[in-house]
Structure formats: structure tokens, C-alpha cells
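Peer 1: Sequence and predicted structure below; questions after.
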Amino acid sequence: MAATEEYFDLLPLDLDPQTKAVQAPANASKALHAELAALNSLHRSILTLENTPQIPPPPIPVNPKRSANITKLKDSGNDLYRKGKHAEAVKMYLLGIEMALKRPLWEPQGLVREEVAQLFANRAQAHMALQNWAEGAVDAEASVEAKRAGNAKAWWRRGKCLLEMGRLDEARDWVGHGLEMEGEEAELLALQHEVLARLDKKNRHEEAKALSEKA
Amino acid sequence: MFDIDWWSLALPFGYIFVLGSSLYVFSTIYRKRKAAESANLAPWFPPHLQKEVYSTLLELDADKDRKTKVPETVVRAALLRRAVEDIARIIQVRQAKQALNTLLQRGSVGEDLNQRFQRAEKEIEEELKDVVMEANALAPGWGQTIFQSANEIAANTMLRSRLDEIQNKAAAEKEWWEKRREAIQSEFMKELEEEPAKGGLKIGSDDDAVLVDSGTPVTTPSKKKKGKK
């Protein structure tokens, strides 16, 4: 025991008698306050556990209740989308995303990624149906962030949104990157052709403009 | 026969004495400096804040005079936070290891960096053992799963912060696009007005036409005017 001599500075911590939240005086460092905020939120989620003693269970198996709820929200979003109620579908997907991100942190992140990637991709599609290209692009990017490989739809959707917004260079880079990740996906290839054609046209158009200005 | 002339030997003896003592002085000073240097090597990691919080909470718990006891769940949460930070540190050490070895072989970095690194490696090993022991003390059998949980927490936190970052861009992107769309529309309108006058020259209007077409329900000039009013 002597080998691991414990030197540490006692931190000026205190507990709130009611909420049991750990507190530090206002003049403590920012890092300490951030750490205590994280600690208290972790404590709150530990308190919701039903097993005794209350310790976070191993990542697997997962409590199926929340997964079922998220699937339900996604399905109702899909239904609304199919009926053409795109704005309501967006709201439904948002609820699903919130629910998925509120999973306790110790649950497997792979599961969260999977669910969130689906929901964001679907919301991007709903935004695209509403012609909200900017939001669609952001959602598709989030979906790709959550799940990089095997998510060709999200790659395609952001590429399409960028194309619609006329951000051709970005679209070309993005789709090229997507093709690297996804291999020769037919839809992505078609989109790449479209982007390249538009870029080509734009370049020629600019050249023509420059020429006509010279002449 | 044994008549040694001590006086004539004084010089060599003096020489040996001076040599020996100067060597001794040099070696002690050198060693002291070396030890001080390695003790003063900057630690690889900044102070372990989570560990300090945990230890402080234990101290508070041990203090019998306090009115509010520290609940066990808080202590557990603090230990879990500590494990999460350890995970981050392990990842950092593993990532640094390979790069550092390459740099050392090439001679690009000094030996003291290597020493600091090795010390950090040892420290983190001790720290892991310590956390497992503490976990088992708090709840039997928790030591086996605490790092699994901590690993997921670390990964989940990272994922959420990335997603937040992306989603926070949404407002700015939207604003940009609204402005851009207006600009394209007005440009398109100008071109439409110019077109009959210019006649043959058709400058990229179908390019922008797609944009306006898809961006807004406005397709014809007359509708556009209506929208503006």
C-alpha cells in the first residue's frame, strides 16, 4: 500500500442536503464545475436504476423498453411520411432522436449509432420532401457521422442537398468520399455524374462569360 | 632500508587525493542533478481531476462530524467518472505509443520524453488496478464490468458531442441558404428580363432555373411578383 502513496489536494466540495448534488464554490475552476455537472447527471441516471445495489449493468443485455419506443416513433414517422405529412414526420423523427440520445450513457454506443443514423437519415428525407435543403444536408451529415459504412442513403441525401443548393464543389467532394466508403453504389454513381455534369456546365458557362466580357 | 622519504611522496599522494575527491564530488553532484531532473519531469497527463473528486468524496464520507452523509450512489458515480477518464487516458497512451517509438528510433525526440511516457504507462496501469479494487469494494463483482460501462460512456459522450456539433450548424446553414436563395432568385429575375433584349445569348439560365425551381414553389415571373408583395 505504501507504494501507491496518495497525495491529493482536497477539493472544496460540498453536498446539497436535499438533492445530494455535489457542489463546488463559485470561484472554483471551470473544469471542476464541468466535471461536477457531468458527475451529477451521471448520478441522476444511476438513481433511476432498479437493480440493487444500484450499479450500472454491463452494456449487454439492453433494456428492451426504450428500443421498442424508438422503433414505434420511427414507424409512425415513416407512416406520416408515406401519407405526405412531411412536417409531422419531421417532428416524429425528432422525438425518436431525442429518445435515442437520452439512453443512459452506459448502454452500448453501437446501438445508439444504429438508431440515430436511421432516424437522422429519415428526417433528412422528410426535409428534402419539404425542400428544406439546408436542414436535410445537416441531418444527412449527422446520420453519416453516426454510421459511416453501410449508410449509402445518407451519403446520397447530403450530396443531393448540396447539389440542390448549388454547392457543387462540396457535393463533388462529399459524393467522392461516399463512394470510397460505400463502394460502387449505383445511386451514388448517378449522383456523381450529375454533379460532375453540373460542374462542367458551370465552368463552361463561366468561361463563356469571361470570353464575352473580353470581346 | 625502510627509510622512506615521505616528503618526496607527498606530491603523488596529494595528486591521488585531489583526483579521488574531485571524482567523488563530481559523481555526487551529477547524480543528484539527474535525480532532481527525473523527479521534475513534467507528468504526461494533467492532474486527474476525477480521481481527486472521488478521493475528496471519500474523505467527506469519513468525516464523522458532517450532517449530510455522502450517499453511496454519489461515490459510485464518482468512481465511474474516474474510470471514464482512465479510458480516455488509455486510448491516448496507446495512440501515442507507436508514434513515440518511431520518433525515438529516428532520434527525433529526446530520452526524457520517453521516460515521461513510460512513467505515464505505469501510472495508468496502477490506476486501473486501483479502480477495479475500489469498484469491488463498493459493490461485489462490479470490478469486472466497470470498465465496460466506462468504455461505452466515453464512446457515447464522444458521439453525442459530435452530433451536437453537427446539429448546431443547422441554424447557420439555413440562414445562409435563405439568403443565397434570394440572391439566386433576383439574379434569375434579372436574367429573365434581360433575355428578350439580348435574344440569342442564353447565359446559364437553365442552370439556375433548376435551383429556383426546386428551392421555392416559384416558377414563373408573375407568381414571383405576387410572392414579393
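Peer 2: Now that the structure is in, tell me what you want to look at.

Peer 1: and residue A:59, which of the three is it?
Peer 2: coil (DSSP: H, G, I helix; E, B strand; the rest coil).

Peer 1: what's the closest non-adjacent residue to it?
Peer 2: residue A:108 (4.5 Å; C-beta to C-beta, 6 or more residues apart in numbering or on different chains). All C-beta spots, glycine's among them, are computed from the backbone N, C-alpha and C.

Peer 1: Provide a list of residues in contact with that neighbour.
Peer 2: Listed by C-beta atoms under 8 Å, 6 or more residues apart in numbering or on different chains, the contact set of residue A:108 reads A:59-60, A:62, B:152.

Peer 1: which residue packs closest to residue A:174, ignoring adjacent ones?
Peer 2: Nearest one to residue A:174, counting by C-beta to C-beta, 6+ apart, is residue A:159 at 5.2 Å.

Peer 1: can you list contacts of stretch B:28-37?
Peer 2: Here stretch B:28-37 makes contact (C-beta under 8 Å, 6+ apart) with residue B:112.

Peer 1: Same check on stretch A:127-134?
Peer 2: A:81, A:86-87, A:90, A:135-136, A:139, A:157, A:160-162, A:164-165, B:170, B:173-174, B:176-177, B:214-216.

Peer 1: For chain B, which segments are assigned as helices?
Peer 2: Applying DSSP state H to chain B gives helices spanning B:6-39, B:49-62, B:72-106, B:111-138, B:146-198, B:205-215, B:221-228.

Peer 1: between these, which gets nearest to residue A:151?
Peer 2: Of all the helices of chain B, helix B:146-198 sits nearest to residue A:151, with 14.1 Å by C-beta to C-beta.

Peer 1: Would you check how far apart residue A:50 and residue B:108 are?
Peer 2: 55 Å (C-beta to C-beta, to the nearest Å).

Peer 1: what residue is smack in the middle of chain A?
Peer 2: Most central in chain A under C-alpha atoms, centre = their mean is residue A:142, positioned 3.8 Å from the mean C-alpha point.

Peer 1: Isn't that residue up against residue B:165?
Peer 2: No. Assessed by C-beta atoms under 8 Å, residue A:142 is found out of contact with residue B:165, at 9.3 Å.

Peer 1: who does the longest helix along chain A touch, helix- and strand-wise?
Peer 2: If you go by DSSP H, chain A has its longest helix at helix A:186-214. In terms of contacts (3 or more C-beta pairs under 8 Å, 6 or more residues apart in numbering or on different chains; DSSP states H and E), helix A:186-214 is packed against helix A:152-164, helix A:168-182, helix B:205-215.

Peer 1: buried set for that helix?
Peer 2: Within helix A:186-214, the residues that qualify as buried are A:188, A:191-192, A:195, A:198, A:205, counting by 16 or more other C-beta atoms under 10 Å in any protein chain shown.
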